[in-house]
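J.: Requesting a structural model of the entry that follows:
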Amino acid sequence: MAGTVTDREEASNWLAYTYYYVRMLKSPTLYSVPLAELEADPLLEQRRMDLVHTAATILDKCNLIKVRPLRPRAVRSPRRRQPRSPRAMPLSHGLPRGACRTSTTKSRAASK
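T.: From the prediction side, this is the model:
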């Protein structure tokens, strides 16, 4: 659906365009924003993120929205994807399979 908010950053940015945010900047004490917080964060970015989190939590508890837990993104190597197992590797340079085993691998194979 067009015009929907899909993540916390979008919600925080959307909040910056509201009358509530403008009034919060003009009269911070009326909205329980300490002056020290306003000096440390003049655009009240952290306050907006806190408001978004609180609202999302309440809406999620009322089953009005579905909040997905944050997951760390997988760090991917810029290299090509490598085969996962030695058996999946193609024979290269004319070497027979298993010719490049390390001494640990050879000792494991010998003990079986």
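J.: What distance do you get for residue 61 to residue 69?
T.: In this view, residue 61 and residue 69 are 15 Å apart by Cβ to Cβ, to the nearest Å. No exception for glycine: its C-beta is placed from N, CA and C like everyone else's.
J.: typo on my end, it should be residue 50
T.: 18 Å.
J.: Please say which of these two ends up with more neighbours.
T.: Shown here are residue 50 and residue 69; by other Cβ atoms under 10 Å, residue 50 has more neighbours (12 against 4).
J.: Need the contact partners of the biggest helix by length in the chain.
T.: If you go by DSSP state H, the chain has its longest helix at helix 45-61. With contacts defined as Cβ atoms under 8 Å, 6 or more residues apart in numbering, helix 45-61 is touched by 8, 11-12, 15-16, 21, 24, 33, 37, 41, 65-67.
J.: Narrow those to just the buried residues.
T.: Buried members of those, scored by 16 or more other Cβ atoms under 10 Å, are 11-12, 15, 21, 24, 33.
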